[in-house]
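1. Any chance you could fold what I've pasted below:
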Amino acid sequence: MCASCSSSFPAPGSKADLEEGTSLTPCFNADGLVTCVTTDAATGELLMVAHMNAEALAKTLETGEAWYWSRSRGELWHKGATSGQIQTVVEMRIDCDQDALWLKVNVAGDGGCCHTGRRSCFYRKVDTSDGKASLVQA
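-> Model (predicted):
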């Protein structure tokens with residue numbers, strides 16, 4: 001079961017309700033967060049993985065734009081508010097036990113999503129040549 005529930009969303013019901021029902025009852029972890037994977041709606045490219053608290057999820061549903069919870073800053077974060085790279089939600093999905101979200105988005109501005117200025121946060125791959133792991137540009 002969920003580590004934490006929010007007054008913004010109904011508490012999860014039975015396992016059958018959680019897995020097959022029509023109510024959005026997100027399961028937040030002990031820190032009050034749910035993981036969110038974000039991809040480009042047109043290409044399917046993986047852009048970023050972030051977290052949402054109940055307020056971020058509610059604001060995303062209300063505005064149609066992606067809001068996240070910044071764990072490093074400890075604050076609500078409207079993606080693109082300062083960079084102009086607003087993420088407009090085209091589709092939102094939730095996994096079978098409602099503890100992970102998937103946003104398919106259109107990105108405004110130059111289309112970048114990573115704070116390093118890159119399109120995707122996943123710009124490096126792990127290379128295991130010579131029995132040693134290292135990072136290389138993808």
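
2. Please go through the chain and pick out the longest helix.
-> Longest helix in the chain, counting residues (DSSP state H): helix 54-63.

3. So what are the sheet partners of the next helix or strand after that one and their directions?
-> Counting by DSSP states H and E, the next helix or strand C-terminal to helix 54-63 is strand 67-70. Using DSSP bridges, strand 67-70 pairs in its sheet with strand 75-78 (antiparallel).

4. how long is stretch 120-133 end to end?
-> End-to-end span of stretch 120-133 (CA to CA, to the nearest Å): 21 Å.

5. contact partners of stretch 120-138?
-> Contact partners of stretch 120-138, identified using CB atoms under 8 Å, 6 or more residues apart in numbering, comprise 45, 46, 47, 48, 49, 113, 114, 116. For glycine as for every other residue, the C-beta is placed from the backbone atoms N, C-alpha and C.

6. Buried ones in it, by neighbour count?
-> 120, 121 (16 or more other CB atoms under 10 Å).

7. So for it, mean pLDDT?
-> Across stretch 120-138, pLDDT averages out at 91.

8. Could you report the separation of the residue nearest to residue 17 when sequence neighbours are not counted from residue 99?
-> Nearest residue to residue 17 in three dimensions, chain neighbours excluded: residue 23, at 6.9 Å (CB to CB, 6 or more residues apart in numbering). Distance, residue 23 to residue 99, using CB to CB, to the nearest Å: 15 Å.
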